[in-house]
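Undergrad: I would like the atomic coordinates for the input below:
(chains A and B)
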2 protein chains.
Amino acid sequence: MNAEIIAVGTEILLGETINSDASIIAKGLSELGFNVYYHTVVGDNPDRLKSVIELAKSRADEIITTGGLGPTADDLTKETIAAAFGKKLLMDDESLRTIHGYFEKTGRRMTQNNEKQAMLPEGCTILKNDWGTAPGCAFEAEGKRVIMLPGPPRECTGMFRTYAMPYLMDMTGEIIFSRNVRVFGMGESAVEDKLSSMIKNMQNPTVAPYAKENECFLRVTAKAENAQKAREMTDPVVDEICGILGDVVYGVDVESLESLVVSELTERGLTLSTAESCTGGLLSKRITDIPGSSACFRGGVCAYSNEIKADVLGIDKKLIEEKDAVSPEVASEMASSVRRLFRTDIGIGITGIAGPGGGSDEKPVGLVYIAIDTKSGTEVRRQIWGNARDRVRGMAASNALDMIRRHIKEL
Amino acid sequence: MNAEIIAVGTEILLGETINSDASIIAKGLSELGFNVYYHTVVGDNPDRLKSVIELAKSRADEIITTGGLGPTADDLTKETIAAAFGKKLLMDDESLRTIHGYFEKTGRRMTQNNEKQAMLPEGCTILKNDWGTAPGCAFEAEGKRVIMLPGPPRECTGMFRTYAMPYLMDMTGEIIFSRNVRVFGMGESAVEDKLSSMIKNMQNPTVAPYAKENECFLRVTAKAENAQKAREMTDPVVDEICGILGDVVYGVDVESLESLVVSELTERGLTLSTAESCTGGLLSKRITDIPGSSACFRGGVCAYSNEIKADVLGIDKKLIEEKDAVSPEVASEMASSVRRLFRTDIGIGITGIAGPGGGSDEKPVGLVYIAIDTKSGTEVRRQIWGNARDRVRGMAASNALDMIRRHIKEL
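TA: Below is the predicted model of the structure:
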């Protein structure tokens, strides 16, 4: 089955908004086994939208649109598509009540034009919008299946995964189930190389690698008649992947290194503090991105100048002069000092050269020392990672999180 | 003139990569005064690519493609487009030398298939790639203008703005010049309201509002026969906007609040330190995102727990108990304590409830106190900003930066 994704919105056409909806939907369609051959973006113009719909009818079995379901005069997707399939729009009372309720709940006044959002193609399946006001819809006509979703990414993503994917699955009579194996410390191409026969040859479940900032992950996706079967099909494959890749796998079905670290520290009642130089607070920012991180994270010092390393963290000025601020010795002292000062189980120290300036032949831009201090002692990791400031800093913070998750088990 | 943007790449079609190139190009084309009516994404498939090119020829004057210029067998854009316009591909010696040079410079071995990147349509204008190996190209044929750019966003963005936009301007005989007026503390719709007649009625220069995370900006764009004329046309409009909006304008042609703050502090020889609770290091992270921030930023304390507020910053425990950690009094003490401890001209203190938990009727999620302490005293700003953790934290850090930039002039 061939699907086509159509985004309707002048703001995307003009480049003011990036078409991230298409990427979310395309990924989901791939998981469901649909082929996607074209994405199109068209503005809020009924003639051009009509021509795009006619073209899609001629080359796709499923047409999925985003955008143009809102209350204003230039929101024309439903009108135009319904007309292209010879359907009328009818007022749906339940959707209207939901829209009224949404405004009441958020304490805003509802203007008349919002009622337009409850006008839906006759005989359609209504896709609820739990994230905003405009409902989506789906119908079959002329041998094609059409799904319309709102444009705002939060609404579109939620509705696509919660309502549109099950609608498509119902049609195929199959369940799709995915597990994600998260990897840090091995690049996407090395992972692909180690698992090449699985990635190339497996049909159900499939194994697909994805790159993510400074790390990568594998998605194992099975299709089966029910969730339990699908789960039984993925589990041994996940186990096999974990066995092949070893300890670079930091988690299965976890969100991120920081969420893993926060949940494992909290579970074991361990506490953490950080002393950051070149990362400038990025590590503590990432840890405190996680709700509930206050259960394990007591805080940190951003020691961006040498005086602060000495005055606030109490590191010997002579050591900094002799060994240089970017050295394994100073990283270690930062980790142990902050751990002492903040009275935590784990202390982290990070010092390096984020660039673009400040590098030398001996100590190039991208060199970072990351130290972890616990009751069992201190360990330092040396990182040389590119020369782009963002990546140097991001990778240093990720390395620190990776060191924490590897030490948790010993504490 | 009507332009169409075509992205060639299976990775975009499958949703593994977001089509950010289209947004960059669409914005640039709008600045140049081209109409953009369609974006299309198609995979690395010669038949489908051919059908997309034929359709674009039938409805657009300018066709701009991204992707498929690389060295591998599935990179087919040049071959397919040249064939659609009855052109041959010829080896370009200078491009070949550049590609060889690129590999030498980066110390990597060049494989044979890289030479394919120097095969270009006969009679084309070559667009240099200063960011990677694959050159782009442009040609006119059958009354259409075709521009091909590589897919990686860094390469595509650089080449589009540096080489493709001037190529298109040469064709139109006009220069495009833009200035950006950055605003914090007034929403996009309020800005639009205040400037509605300028935004609606001005033709050259144009005035367009854009929303950016937690802030917004206005782009004033003029077309003229040379840069000086365009500048003379934009300057009075920029002045008028600044006059109407007043001190919510924090800068013209600056990158961000943090880059403004870092450059102004550095220029005046002033120093800064931060004490963060709910933002958890986000403010110091954003300041140290800016290269050279070590000239003014000495560091900070992330005091995520009450004990750290007392033990490290030296805030009276009784005050925290009496007034609560989320209070203007504690924010003030954090600011003055960190200023004293780090011996800086400016100290910032931030404490609040980022959510999702921890709120009460009296102190809801989203409540943040931000304090600034200088030799002239302490000032506290109270923020209530939604209930999404990311936005609460982002807005608190932005408010702190806004307070700094407003105080710099007095110091």
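Undergrad: Look up how far residue B:256 lies from residue A:75.
TA: For residue A:75, the distance to residue B:256 equals 33 Å [CB to CB, to the nearest Å]. The C-beta positions use only the backbone N, C-alpha and C, and glycine is treated the same way.
Undergrad: So chain A: which segments form each domain?
TA: A:2-172, A:175-252, A:269-408 (automatic domain parsing).
Undergrad: just those: most buried one?
TA: Counting by mean count of other CB atoms under 10 Å in any protein chain shown, domain A:269-408 has the highest mean neighbour count of the domains of chain A, with a mean of 22.
Undergrad: just to revisit the earlier point, now the domains of chain A as a markdown table including distance to residue B:198?
TA: Output for these, formatted as a markdown table (distance: least, CB to CB, whole Å):
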| stretch | distance to residue B:198 |
| --- | --- |
| domain A:2-172 | 18 |
| domain A:175-252 | 39 |
| domain A:269-408 | 36 |
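Undergrad: Reformat these as TSV; add mean pLDDT.
TA: Formatted as TSV, the domains of chain A follow (pLDDT from 0 to 100):
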stretch	mean pLDDT
domain A:2-172	91
domain A:175-252	90
domain A:269-408	96
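Undergrad: Can you lay out those domains as TSV showing distance to chain B?
TA: Shown next, in TSV, are the domains of chain A (distance: least, CB to the nearest CB, whole Å):
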stretch	distance to chain B
domain A:2-172	3
domain A:175-252	6
domain A:269-408	3
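Undergrad: Relative to residue B:341, which of the ones you listed is closest?
TA: domain A:269-408 (6.4 Å; CB to CB).
Undergrad: looking at chain A, which residue lies furthest from center?
TA: Relative to the C-alpha centroid of chain A, counting by CA atoms, centre = their mean, residue A:318 is the outermost residue, at 44.5 Å.
Undergrad: Alpha carbons of the helix or strand hosting that one, in CSV - could you do that?
TA: Residue A:318 is located in helix A:317-323, with elements delineated by DSSP states H and E. Output of helix A:317-323 as CSV, limited to C-alpha atoms (Å, rounded to 0.1, in the frame of the first residue of the first chain):
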residue,chain,number,x,y,z
LYS,A,317,46.0,27.2,42.9
LYS,A,318,49.4,25.6,42.4
LEU,A,319,47.9,22.5,41.0
ILE,A,320,46.0,24.5,38.4
GLU,A,321,49.2,26.4,37.5
GLU,A,322,51.4,23.3,37.4
LYS,A,323,49.0,20.9,35.6
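Undergrad: Just to check, residue A:59 is in contact with residue A:38?
TA: Yes - in this structure, residue A:59 is within contact of residue A:38 by CB atoms under 8 Å, at 7.2 Å.
Undergrad: just to revisit the earlier point, quick one: which of the domains of chain A is nearest residue B:33?
TA: Per CB to CB, nearest to residue B:33 of the domains of chain A: domain A:2-172, 12.3 Å.
Undergrad: How far does that closest one stretch from one end to the other?
TA: End-to-end span of domain A:2-172 (CA to CA, to the nearest Å): 13 Å.
Undergrad: try stretch A:169-178
TA: Stretch A:169-178 end-to-end distance (CA to CA) = 14 Å.
Undergrad: Tell me who's in contact with residue A:113.
TA: A:71, A:72, A:73 (CB atoms under 8 Å, 6 or more residues apart in numbering or on different chains).
Undergrad: Please, which helix or strand holds the second one?
TA: This means residue A:72. Using DSSP H and E, residue A:72 falls outside every helix and strand.
Undergrad: Next one: it from residue A:129, what distance?
TA: 16 Å.
Undergrad: picking up where we left off before, of the domains of chain A, which is nearest residue B:145?
TA: Across the domains of chain A, closest to residue B:145 is domain A:2-172 (CB to CB), at 19.1 Å.
Undergrad: Is it correct that residue A:162 is in contact with residue A:131?
TA: No - if you go by CB under 8 Å, residue A:162 and residue A:131 don't touch, sitting 9.3 Å apart.
Undergrad: tell me the secondary structure for residue A:109?
TA: Under DSSP: H, G, I helix; E, B strand; the rest coil, residue A:109 falls in the coil class.
Undergrad: Now for the closest residue to it other than its chain neighbours: which residues touch it?
TA: Distances taken as CB to CB, 6 or more residues apart in numbering or on different chains put residue A:103 closest to residue A:109, at 7.0 Å, once the chain neighbours are dropped. Listed by CB under 8 Å, 6+ apart, the contact partners of residue A:103 are A:109, A:110, A:114, A:133.
Undergrad: How about residues contacting the helix or strand hosting residue A:81?
TA: Using DSSP H and E, residue A:81 sits within helix A:77-84. Applying CB under 8 Å, 6+ apart, the contact partners of helix A:77-84 are A:8, A:46, A:49-50, A:53-54, A:57, A:65, A:67-69, A:88-89, A:119-121, A:137, A:146, A:148.
Undergrad: Pull the distance from that helix to the chain's centre.
TA: Relative to its chain's centre, helix A:77-84 lies at 33 Å (CA atoms, centre = their mean, to the nearest Å).
Undergrad: Can you show me the CA trace of it as CSV?
TA: Only the C-alpha atoms of helix A:77-84 are listed here, as CSV (Å, rounded to 0.1, in the frame of the first residue of the first chain):
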residue,chain,number,x,y,z
THR,A,77,-8.6,21.4,4.0
LYS,A,78,-11.9,19.7,5.0
GLU,A,79,-14.0,21.7,2.5
THR,A,80,-11.6,21.0,-0.4
ILE,A,81,-11.0,17.3,0.3
ALA,A,82,-14.7,16.6,0.9
ALA,A,83,-15.5,18.2,-2.4
ALA,A,84,-12.8,16.3,-4.2
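Undergrad: Tell me the helix or strand right after that helix.
TA: Downstream of helix A:77-84, the first helix or strand assigned by DSSP H and E is strand A:89-91.
Undergrad: what's in contact with that following strand?
TA: With contacts defined as CB under 8 Å, 6+ apart, strand A:89-91 is touched by A:78, A:79, A:82, A:115, A:118, A:119, A:120, A:121, A:122.
Undergrad: partners of it, with directions?
TA: In the sheet containing strand A:89-91, its partner strands are strand A:119-121 (antiparallel), by DSSP bridges.
Undergrad: contact partners of the partner strand?
TA: Under CB under 8 Å, 6+ apart, the answer for strand A:119-121 is A:78, A:81-82, A:85, A:87-92, A:95, A:126, A:135, A:137, A:139.
Undergrad: farthest-separated two in the residues you listed?
TA: A:85 and A:95 (19.7 Å).
Undergrad: And residue A:316, its phi and psi?
TA: phi -60, psi 120 (degrees, to the nearest 10).
Undergrad: Can you show me the helices along the stretch 301-411 of chain A?
TA: A:306-311, A:317-323, A:328-342, A:389-408 (DSSP state H, counting those that start in this stretch).
Undergrad: got the residue ranges for the strands in the stretch 101-250 of chain A?
TA: Remark: strands assigned in the stretch 101-250 of chain A by DSSP state E, counting those that start in this stretch are A:119-121, A:125-127, A:136-141, A:144-149, A:175-183, A:206-212, A:215-224, A:249-252.
Undergrad: Report the angle between the fifth one and strand A:215-224.
TA: For the pair strand A:175-183 and strand A:215-224, the angle between their directions (axes from the mean of the first three to the mean of the last three CA atoms, to 10 degrees) equals 160 degrees.
Undergrad: So which residues of the stretch 1-150 of chain A form helices?
TA: For the stretch 1-150 of chain A, the helices defined by DSSP H, counting those that start in this stretch occupy A:10-13, A:20-31, A:46-59, A:77-84, A:93-106.
Undergrad: Restricting to C-alpha, output the shortest one in PDB.
TA: Looking back up the chat, that one is helix A:10-13. Output in PDB follows, covering the C-alpha atoms of helix A:10-13 (Å, rounded to 0.1, in the frame of the first residue of the first chain):
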ATOM      1  CA  THR A  10       1.300  28.800   3.900                       C
ATOM      2  CA  GLU A  11       3.600  29.100   7.000                       C
ATOM      3  CA  ILE A  12       5.400  25.900   5.900                       C
ATOM      4  CA  LEU A  13       5.500  26.900   2.300                       C
END
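Undergrad: which other helices and strands contact it?
TA: strand A:35-42, helix B:20-31, strand B:35-42 (3 or more CB pairs under 8 Å, 6 or more residues apart in numbering or on different chains; DSSP states H and E).
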